[in-house]
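Asker: With the sequence up front, the predicted model follows.
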Amino acid sequence: METVNVLLLGSGGREAAIAWKLSQSPSMGKFFIAPGNAGTSAYGTNLPLKPTDFEAVYNAVCEHDIDLVVVGNEDPLVFGIREALTEKAAKDGRKLLIVGPGREGAALEGSKDFAKRFMERYNIPTARYATFTAETLEQADSFLETLLPPYVLKADGLAAGKGVLIIDKLEEAKKSLRKMLAGQFGDASAKVVIEEFLSGIECSVFVLTDGSGRYLVLPPAKDYKRVGEGDTGLNTGGMGSVCPPPFCDDKFMAKVDERIIRPTLEGLRKEGIDYRGFIFLGLIKCGSNPYVIEYNVRMGDPETESVMTRIASDLLPVLVETASGELTTSALEEDPRTAVAVMAVSGGYPEAYEKGKVITGNLNPEESVIFHAGTKEGADGEILTSGGRVLAAVSYGENIEDAAARSYKTLEGLHFDGMYYRRDIGKDLL
Ligand code: AMP
Ligand code: GLY
């Protein structure tokens, strides 16, 4: 096979894990990560550019003769990077493949109201809901009164993962709704989706699809969103993940396939949306049945950190097939072991925290793979913290307990000022 020059966009642990995986491909030609972090430079060349600066991205494509762009995070997709790059490439007569949907497909993540209406049209199981604006406040109050607590309020647009409020008291929910509609999350909460609260256990299922209805399902994962042990405290970008969670057994995954994946892809086709990329199904298992909590149009973080380590197949040709609309690979080989990712974060995260702390210890342990997230290289080549989520230690094991123990052993050998991690990742699944 010919080699492929790749540009991966993003800078988090997710992109580090994708970069780690892709860099192992015999088909990899030149490999760039933009902007990347202190860890991704071990897998390719970091380019200092912003993924939402489409002009700069396209210039990098031309300068480095890129064949394939893989978009790691949602912002560029929702803002139309596929359309922008496709148009520029067409003008230049350049062949360019992109993993990631266009603006219309990205609305599955960019607008909760769009996603809910989509699910309604295709009978995809999800929480009962209605959408309101400042003009329909009275109807919103009446709708809230028909629901049982807790109340789920969601900003329609992108709100950096902070736009979902779960509130116990009706009066408080009404107050919060007013704040949201008055601009608590800027334009993103000019529309608010109110939905029924679903009770169950959450998991993340990732699908790669090529726009023609063909698809592959990646290993499922569970992420740990709350900052505190026992799922307490504030929501974060994710404190760890387990792949696969035992409750995502074959029977459950067959239901996910039949009730959610197939109707979703069918719906996209019916609406004329040529979706080429990852679809992230945020699911909740209620009893034995899956419901969609949300769609995302990219991989999850920190799920990717454990998912990538369990994909045994060469992923690069699969991404090329996806982006070409010719996904002929029919299954991914999976590592039979369990993978557990534990995220080390800056003290204080997800609230205020300090940056620029020196990370010491063995960043290349035998026991685990370390994926950098919020790190950067200092002037003397030292590794510094540069974000809330700093790095993930990912390990394999015969089971969750075994894999988690290895990740914890690795983290004990690392240090930075204020370093914190949850010590109970995967415990609830034992
Ligand atoms: P989202 O940003 O849509 O992923 O929502 C953030 C979190 O809120 C989810 O991961 C769930 O834990 C929770 N959540 C969202 N919608 C619901 C719902 N309808 N019922 C129960 N929990 C929900
Ligand atoms: N882990 C959840 C997300 O990436 O949105």
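Answerer: Cool, the structure landed. Ligands and ions are numbered 1, 2, ... in the order given.

Asker: Contact residues of this protein facing ligand 1?
Answerer: Taking C-beta under 6 Å from any ligand atom as the contact definition, the chain meets ligand 1 at Ala127, Val152, Val164, Glu195, Phe197, Leu198, Glu202, Lys225, Gly282, Ile293, Glu294. To be clear about C-beta, it is placed using only N, CA and C from the backbone, and glycine gets the same treatment.

Asker: show me the contacts for the residue in the stretch 151-300 of the chain that ligand 2 sits nearest to.
Answerer: Residue nearest to ligand 2 within the stretch 151-300 of the chain: Gly300 (3.5 Å; C-beta to the nearest ligand atom). By C-beta atoms under 8 Å, 6 or more residues apart in numbering, the contact set of Gly300 is Arg14, Ser204, Phe206, Ala221, Asp223, Gly238, Ser241, Phe280, Gly282.

Asker: hmm, back to that, inside strands: which ones of the residues of the chain next to ligand 1?
Answerer: Val152, Val164, Glu195, Glu202, Gly282, Ile293, Glu294 (DSSP state E).

Asker: For beta bridges, what are the partners of the fifth one?
Answerer: Think Gly282. Here Gly282 sits in beta bridges with Ser204, Glu294, going by DSSP bridges.

Asker: Poorly predicted segments of the stretch 301-430 of the chain, please.
Answerer: Within the stretch 301-430 of the chain, no range satisfies pLDDT under 70.

Asker: mind redoing it with 90?
Answerer: In the predicted model, the stretch 301-430 of the chain carries pLDDT under 90 at residues 330.

Asker: Just the buried residues out of the residues of the chain next to ligand 1, in ChimeraX syntax.
Answerer: Those of these that count as buried under 16 or more other C-beta atoms under 10 Å are selected in ChimeraX with:
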select :127,152,164,195,198,202,225,282,293,294
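
Asker: With distance to Leu316 and pLDDT added, can I get the residues of the chain next to ligand 1 in JSON lines?
Answerer: Shown next, in JSON lines, are the residues of the chain next to ligand 1 (distance: C-beta to C-beta, whole Å; pLDDT from 0 to 100):
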{"residue": "Ala127", "distance to Leu316": "37", "pLDDT": "97"}
{"residue": "Val152", "distance to Leu316": "39", "pLDDT": "96"}
{"residue": "Val164", "distance to Leu316": "34", "pLDDT": "91"}
{"residue": "Glu195", "distance to Leu316": "39", "pLDDT": "97"}
{"residue": "Phe197", "distance to Leu316": "41", "pLDDT": "97"}
{"residue": "Leu198", "distance to Leu316": "37", "pLDDT": "97"}
{"residue": "Glu202", "distance to Leu316": "30", "pLDDT": "96"}
{"residue": "Lys225", "distance to Leu316": "30", "pLDDT": "93"}
{"residue": "Gly282", "distance to Leu316": "26", "pLDDT": "97"}
{"residue": "Ile293", "distance to Leu316": "31", "pLDDT": "97"}
{"residue": "Glu294", "distance to Leu316": "28", "pLDDT": "96"}
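
Asker: pLDDT wise, what is the most far-flung residue of the chain relative to its centre at?
Answerer: Here the centre of the chain is the reference, and by C-alpha atoms, centre = their mean the most remote residue is Glu138, at 35.3 Å. pLDDT for Glu138: 93.

Asker: Checking it next. Helix, strand or coil?
Answerer: Here Glu138 is helix, with the state taken from DSSP: H, G, I helix; E, B strand; the rest coil.

Asker: At the geometric centre of the protein, which residue do we find?
Answerer: Using C-alpha atoms, centre = their mean, the most central residue of the chain is Gly300, at 1.9 Å.

Asker: Check whether Gly287 really touches Ser199, as I assumed.
Answerer: No - contact criterion C-beta atoms under 8 Å: Gly287 and Ser199 do not qualify, at 9.7 Å.

Asker: Any buried residues in the helix or strand hosting Phe32, and which?
Answerer: Phe32 is part of strand 28-35, with elements assigned from DSSP states H and E. For strand 28-35, a neighbour-count test (16+ other C-beta under 10 Å) marks Met28, Gly29, Phe31, Phe32, Ile33, Ala34, Pro35 as buried.

Asker: Which two among these are spaced furthest apart?
Answerer: Pairwise distances across the buried residues of strand 28-35 peak at 20.4 Å for Gly29 and Pro35 (criterion: C-beta to C-beta).
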